[in-house]
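Asker: Here is my input; please provide its structure:
(2 chains)
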Amino acid sequence: MENVLDIMRARGLFDDCTNPDVGEKLAEPGVVYAGFDPSSNSLQAGNFVTIMALAHFQRCGHKVIALAGGATGMIGDPSGKTSERTLLTQEQVAANTEGIRENLSRFLDFDHPTVPAVIVNNNDWLGEFSFLDFLRDIGKHFRMGAMLGRESVRARLASESGMSFTEFSYALLQAYDFLHLHDTAGCRFQIGGSDQWGNITAGIDLVRKLRGEEVYGITIPLVCDSAGQKFGKSEGNAVYLDARKTSPYDFYQFFFRTTDADVARFLKIFTFLSLDAIAELEAGLKESPEQRAAQRKLAEEVTRAVHGDAGLNVALRASEVLFGGSIEGLSATDLAGIFADVPSAELPRAEVAGATVIDVATAAGLCQSKGAARRLVQSGGLYLNNVRVPDVEATVNPEDLVDDAVAVLRSGKKNFHLVKVAG
RNA sequence: GGCGGGGUACUCAAGUGGACAACGAGGAGAGACUGUAAAUCUCUUGGCUAUGCCUUCGAAGGUUCGAAUCCUUCCCCCGCCA
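Answerer: Predicted coordinates:
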């Protein structure tokens, strides 16, 4: 059995561990868990790192548990956050938890012959815990000194916004999760982002105090791009793993646009390609960077993993056409197929034919306001059917509608919007 | 509960009766250069029927020819004390 820790180290998935012996312990098959926060109804690209780590564990013969934080999501993890977060309603959390289950179910192997993955929801055990029982049974084992010393708490207390008791208590809940999974599933390892260190060690301490047993934590580095930005944001928007929130096309494009400096690192983290294959791609990148072969491979692998072959094909075809230049010679049906994935809007004929491009771009939702559309045209950044719109007076003419039904609007280099004429 | 500090646009943060749609920075969008990269430079960044009009500075009232700025009440946050 290959040691998962070596793999994590080699691929840049290892940040720290709570005990130097953890490598030895992982030589035997074990049970590992990682938690996912349901603050949104879909996991984001950032969570993908943790998912990959879990997948490596499973491949190395460990049983993996993905925990959806239905209960902890009600509270809000203060780790790594500079201000108190807005509480979600029970309904929101329940809906989000469901979405996350759905996401996760596509990345982990639940039908594995020997070590099938499982998903649990901590609301199942934390939800029925009474406050008094929790304070007596769990709270008793946490010392104020240690809790106040926790980095996430210290930072927040020193900050302007302070911290509520609710968020302060968060670590106890996550600590109890570890205890519960230890008791019920024999779980002895927890992995999580480096911001989870405090929460993980809280769990380890709790298990040691109550059960006298040693459990372990491994943290994964927070993935940043070379500019130091937290990974997973595209034009200010988070990149989601759910096709309904981030289309396969946008998802593909996000990875395709990876900077040279990051590509090799990302290949190691986000794909299962062998290190040799990655080294080869890296060499190719040095030789002819304009080919973007490494980026292409990265985008391809990740998109296939997340959206399947069908999603990848749509993304590839759309990318080819969109970055190939002219849309001439394509039929409305072709365009609809290619843009199946790109934001589109259906507008009444009267609002399109003869209207100014500015009005159409705003009505279609490409621009937030007419003023924004006007500024876009003035700076030369708005395109109709891949042809730059010359001035603010320009109109959409009937002959601009492909097959009398469809027009393609674009803002800048890469934001496409399809306009369909209704009726 | 008492005392003090604070709430300005996506964020941080100036502005303490008119020249304020509100300095500056970051972020974001666009352009140029490129390789759908990075770096750099430039422009833009409340809305509109647009040399003007409308709506914004925690909320609601009030004073004034005129309020982000002054007054009143309320809400929220931070700190110290109880």
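
Asker: Pull the distance from the helix ranked longest in chain A to the chain's centre.
Answerer: The longest helix of chain A (DSSP state H) is helix A:293-322. Distance, stretch centre to chain centre, for helix A:293-322: 17 Å (Cα atoms, centre = their mean, to the nearest Å).

Asker: now swap in stretch A:290-301 and tell me
Answerer: 20 Å.

Asker: ok, now stretch A:47-67?
Answerer: That offset, for stretch A:47-67, works out to 15 Å (Cα atoms, centre = their mean).

Asker: Residues touching stretch A:134-152, excluding its own?
Answerer: Residues outside stretch A:134-152 that contact it (Cβ atoms under 8 Å, 6 or more residues apart in numbering) are A:78-81, A:153-154, A:157, A:168, A:171-172, A:175-176, A:195, A:197-198, A:202, A:205-206, A:209-210. The way it works is simple: take the backbone N, C-alpha and C, and place the C-beta from them, glycine included.

Asker: so does it get close to RNA strand B?
Answerer: No - judged by Cβ under 7 Å from any atom of the strand, stretch A:134-152 stays clear of RNA strand B, getting no closer than 12.4 Å.

Asker: now for the helix or strand that the longest helix of chain A is followed by, which elements pack on it?
Answerer: Later in the chain than helix A:293-322, the nearest helix or strand by DSSP states H and E is helix A:332-338. Here helix A:332-338 touches helix A:293-322, strand A:406-411, strand A:415-422, going by 3 or more Cβ pairs under 8 Å, 6 or more residues apart in numbering; DSSP states H and E.

Asker: Now for chain A, the helix or strand with the poorest mean pLDDT.
Answerer: strand A:233-234 (a mean of 66; mean pLDDT, DSSP states H and E).

Asker: Apart from its chain neighbours, what residue comes closest to residue A:409?
Answerer: Nearest residue to residue A:409, sequence neighbours excluded (Cβ to Cβ, 6 or more residues apart in numbering): residue A:417, at 4.5 Å.

Asker: Is the one you found in contact with residue A:407, as I believe?
Answerer: No - taking contacts as Cβ atoms under 8 Å, residue A:417 lies outside contact range of residue A:407: 9.4 Å.

Asker: Between the two, which is the more surrounded one?
Answerer: residue A:407 (25 against 20; other Cβ atoms under 10 Å).

Asker: That one: what's it in contact with?
Answerer: Residue A:407 touches A:352, A:360, A:384-385, A:396, A:400-401, A:418-419, counting by Cβ under 8 Å, 6+ apart.

Asker: what's the closest of these to residue A:133?
Answerer: Nearest to residue A:133 among the contacts of residue A:407: residue A:418, at 56.2 Å, using Cβ to Cβ.

Asker: Identify the bridge partners of the closest one.
Answerer: residue A:344, residue A:408 (DSSP bridges).

Asker: Leaving out chain neighbours, which residue sits closest to residue A:239?
Answerer: residue A:45 (4.1 Å).

Asker: contacting residues for the one you found?
Answerer: By Cβ under 8 Å, 6+ apart, the neighbours of residue A:45 are A:231-232, A:238-241, A:254.

Asker: repeat that with 10 Å
Answerer: Residues in contact with residue A:45 (Cβ atoms under 10 Å, 6 or more residues apart in numbering) are A:223, A:231-234, A:238-241, A:246, A:251, A:254-255, A:270, A:302, A:306.

Asker: isn't residue A:171 right up against residue A:199?
Answerer: Yes - using Cβ atoms under 10 Å, residue A:171 makes contact with residue A:199 at a distance of 5.1 Å.

Asker: Tell me the residues that contact both of the two, please.
Answerer: A:72, A:77-79, A:150, A:152.

Asker: The nearest residue to residue A:420 once chain neighbours are set aside and residue A:204: what is the separation?
Answerer: Distances taken as Cβ to Cβ, 6+ apart place residue A:346 nearest to residue A:420, at 4.6 Å, with adjacent residues excluded. Residue A:346 sits 55 Å away from residue A:204, going by Cβ to Cβ, to the nearest Å.

Asker: where does the stretch 1-150 of chain A dip in pLDDT?
Answerer: A:1, A:80, A:82-87 (pLDDT under 70).
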